[in-house]
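> this is a predicted model, with the sequence first.
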Protein chains: 2
Amino acid sequence: MDKKAISAWDVARLANVSQSTVSRVFTPGASVSEKTRERVLKVAEELNYSPNALARSLTKQKTNMVGLAMKDIQNPFYHEVLGMFSKKLRAKGYKILFLYTENEEIQQEELNQFLEYNVEGIIVTDAVISSNIVTKIYNHNIPIALFNRYDKNIPCSSVSCDNVSAARDIAAYLYDKGMKDIVFITGKRNTSTNQEREFGFTEFFNSKGIQITALEGDYTYERAFHLTKKMIEDGHQPQAIFGANDITAIGALDALREKKIAVPEETVVIGFDNIKMASWPSYMLSTWAQPIEQMVDETINLLITKTKSAPFQTVKLKGQFIHRDTTIVK
Amino acid sequence: MDKKAISAWDVARLANVSQSTVSRVFTPGASVSEKTRERVLKVAEELNYSPNALARSLTKQKTNMVGLAMKDIQNPFYHEVLGMFSKKLRAKGYKILFLYTENEEIQQEELNQFLEYNVEGIIVTDAVISSNIVTKIYNHNIPIALFNRYDKNIPCSSVSCDNVSAARDIAAYLYDKGMKDIVFITGKRNTSTNQEREFGFTEFFNSKGIQITALEGDYTYERAFHLTKKMIEDGHQPQAIFGANDITAIGALDALREKKIAVPEETVVIGFDNIKMASWPSYMLSTWAQPIEQMVDETINLLITKTKSAPFQTVKLKGQFIHRDTTIVK
């Protein structure tokens, strides 16, 4: 894929102007006469010249690229997140250098590509990252923000939903309905999202003297489906199931249906995320809506404007309980 | 987000070597003594220096970046595609510059960012692109490949499933079962995927003297759900429904269930793509499996190795019919 690049020098030569004049024509707001501008643009058009963002970035130390690392590519929540980041970053003139990792924990060598390309900031969505790697990135003076993750031991900014308080609100709702036989299907236990949701939910019931059942899931539909099916076959039919994310709750819901258990009359089901699928007529899943747009805005804000004055900020946003057919009897 | 970049010059000065020696240390295969290499690497480590891929790209005219444009971010098929491209391109040393477009047809200004960043190739997945824009990109000497799209009027390479022959195979299966009351729920009619699937399916039945019913969908669950529901309410219960993609077929399936119509006993349902959700226990959707991995491999192959010798190649891969519970009576 070699290509013979047309440079500003080629354009300058044919337009009979200096190279810096060509540069000014392609710099917003720079001074250049209308006549010269027209001549340069005409030559540029003829030569198929486009100003080289990479070359510009070397001079100005600005690449306008943000690295975005993502792991759970099967979870619709992160597709909405990716679309939102792409749209919002573009509106601010930034491009996304995209990294999909298959590793449980993100590796230094994976992030090196971001460093090599001089990204101006790094967003890590759902991949687990070590404080060691985060520190290395900060030593390169590149701001990093965790999206939908939080770890007090990791020295960087983060934006997430206030999972503890959300899970507590869900627990309080079930408790107010007089429910005591409750199952929580966990997500991956090494993620902050699961740790916080499990803590808030369990702790609320514990404070009321109620012991809930936790089944170890992994944020996938398949695992939640099989865990729920087995539980019912083993003779345990709880009053409510709270899934650590929507995909988990949907897996549980389908297993209950297969076992002919009426939802919500016999068993209530609640998820977390409010993915689009949760509002499909076949599911109409009650869930906690994460304020994705606001979370994305705050993350970009942290990376682009606030970095210098306050390097490590923790933003927690509330979101809201959405009641649909899996909690409300029609 | 200013950053003071450590340059090869800083490393050279502290390590007491020339700048070109520093460059050689970071160039695979370049000659440099072991002692010098160690000294340079030690200084580089202390200064947090990482060789600048952008600077290197200016000298070598290689950025190792590929632009990837995507539209239908809600369709799980494209998430699998994105994950696969990320994994396969990384294995070959390429990074993805990611673009999500909300426009029905991709705009020149959206692709300009790829040109400015000197990507070495552009992959357009599901966005519609005009031949005018494709020609402009070729004038910049940047190869472009359409993934899962084909248009004989657009001068570029493309990789897709042989949709016409796949849809014909599906039609032949239904015809062999003696079915005559058939509904096809279309995708977006301005996409080649829908045009080819609709053509292959309709034309097969026409050749047998059978007129099928086409309902105009848009590749979304919601539209397929409502179209199917309305059709049943209007008194038409077909023997088979073929959805232009899996999400469409799943929407139809859920509507049939809501109307208490037994699948596949009363109505058979078939999708296209074989997304992960098609194998969820609650759906077990029969579908046409696109050979994603092979399609991704071919696309990368076209962009990276074959460009010069044969600029415009059309690759069509077969895929296979996957029978699950929506065609086979258990």
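That came through, no problem. None of these values were measured; they are calculated from a predicted model.

> where are the low-confidence patches of the stretch 151-300 of chain A?
Residues of the stretch 151-300 of chain A meeting the criterion pLDDT under 70: none.

> in it, which spans are helices?
Ranges of helices within the stretch 151-300 of chain A are A:163-176, A:192-207, A:221-233, A:246-258, A:292-304, based on DSSP state H, counting those that start in this stretch.

> got those as CSV, with mean neighbour count and distance to A:Thr21 columns?
C-beta coordinates here come from the backbone N, C-alpha and C atoms, glycine included. Shown next, in CSV, are those (neighbours: other Cβ atoms under 10 Å in any protein chain shown; distance: least, Cβ to Cβ, whole Å):
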stretch, mean neighbour count, distance to A:Thr21
helix A:163-176, 20, 56
helix A:192-207, 19, 53
helix A:221-233, 20, 60
helix A:246-258, 26, 56
helix A:292-304, 21, 31
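
> which among these is found nearest to B:Ile129?
helix A:292-304 (26.9 Å; Cβ to Cβ).

> next, the buried residues of stretch A:30-37.
Across stretch A:30-37, burial judged by 16 or more other Cβ atoms under 10 Å in any protein chain shown covers A:Val32, A:Thr36.

> touching, A:Thr125 and A:Val81? I think so.
Yes: the pair A:Thr125 / A:Val81 is scored as a contact, 6.1 Å apart, by Cβ atoms under 8 Å.

> more neighbours: which of those two?
Between A:Thr125 and A:Val81, A:Val81 has the larger neighbour count (other Cβ atoms under 10 Å in any protein chain shown), namely 25 against 21.

> what sits against the more buried one?
By Cβ atoms under 8 Å, 6 or more residues apart in numbering or on different chains, the contact set of A:Val81 is A:Thr125, A:Phe147, A:Asn148, A:Ile292, A:Val296.

> with A:Lys87 instead?
By Cβ under 8 Å, 6+ apart, the contact list for A:Lys87 reads B:Tyr100, B:Glu102.

> one more: A:Gln74?
A:Gln74 is in contact with A:Thr220, B:Pro76, B:His79, B:Glu80, B:Lys276, counting by Cβ under 8 Å, 6+ apart.

> adding neighbour count and distance to B:Trp288, write those residues out as TSV.
Listed next are the contacts of A:Gln74 as TSV, based on neighbours: other Cβ atoms under 10 Å in any protein chain shown; distance: Cβ to Cβ, whole Å:
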residue	neighbour count	distance to B:Trp288
A:Thr220	19	24
B:Pro76	22	15
B:His79	24	18
B:Glu80	20	15
B:Lys276	16	15
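
> one step back: which residues are common contacts for A:Thr125 and A:Val81?
Common neighbours of A:Thr125 and A:Val81 (Cβ under 8 Å, 6+ apart) are A:Phe147, A:Asn148.

> ok, back up a step: a markdown table please, covering the helices of the stretch 151-300 of chain A and showing distance to chain B.
Formatted as a markdown table, the helices of the stretch 151-300 of chain A follow (distance: least, Cβ to the nearest Cβ, whole Å):
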| stretch | distance to chain B |
| --- | --- |
| helix A:163-176 | 24 |
| helix A:192-207 | 19 |
| helix A:221-233 | 6 |
| helix A:246-258 | 4 |
| helix A:292-304 | 6 |
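
> and A:Arg149, how far from chain B?
Relative to chain B, A:Arg149 is positioned 19 Å away (criterion: Cβ to the nearest Cβ, to the nearest Å).

> hang on, I meant A:Phe26
A:Phe26 sits 10 Å away from chain B, going by Cβ to the nearest Cβ.

> number of residues surrounding that residue?
20.

> my guess is it meets A:Leu41, correct?
No: using Cβ under 8 Å, A:Phe26 is not in contact with A:Leu41; the gap is 9.1 Å.

> ok, which stretches of chain A are strands?
Secondary structure of chain A (DSSP state E): strands at A:65-70, A:95-100, A:121-124, A:144-147, A:157-161, A:182-185, A:213-215, A:240-243, A:268-273, A:286-289, A:314-317, A:320-322.

> which of the ones you listed sits closest to B:Pro143?
Proximity to B:Pro143 (Cβ to Cβ) singles out strand A:95-100 among the strands of chain A, at 19.7 Å.

> tell me what that closest one is packed against?
Here strand A:95-100 touches strand A:65-70, helix A:76-91, helix A:108-116, helix B:76-91, strand B:95-100, going by 3 or more Cβ pairs under 8 Å, 6 or more residues apart in numbering or on different chains; DSSP states H and E.

> buried ones in the third one?
It refers to helix A:108-116. By neighbour count on 16+ other Cβ under 10 Å, the buried set for helix A:108-116 is A:Glu110, A:Leu111, A:Gln113, A:Phe114, A:Leu115, A:Glu116.

> local confidence estimate at the third one?
Put plainly, it is A:Gln113. Note for A:Gln113: predicted pLDDT of 81.

> so for the most centrally placed residue in chain A, what's the pLDDT?
Closest residue to the average C-alpha location of chain A: A:Thr125 at 4.2 Å, with Cα atoms, centre = their mean. Per-residue confidence (pLDDT) for A:Thr125: 90.

> residue contacts, it?
Listed by Cβ under 8 Å, 6+ apart, the contact set of A:Thr125 reads A:Leu68, A:Ala69, A:Met70, A:Lys71, A:Tyr78, A:Val81, A:Leu82, A:Phe147, A:Asn148, A:Arg149.

> same question for A:Leu47.
By Cβ under 8 Å, 6+ apart, the neighbours of A:Leu47 are A:Ile6, A:Asp10, A:Val11, A:Leu14.

> I'd like to know how far the second one sits from A:Asn48.
It stands for A:Asp10. According to Cβ to Cβ, to the nearest Å, A:Asp10 and A:Asn48 sit 10 Å apart.

> the two: which has the busier surroundings?
Higher neighbour count among A:Asp10 and A:Asn48: A:Asp10, with 17 against 14, using other Cβ under 10 Å.
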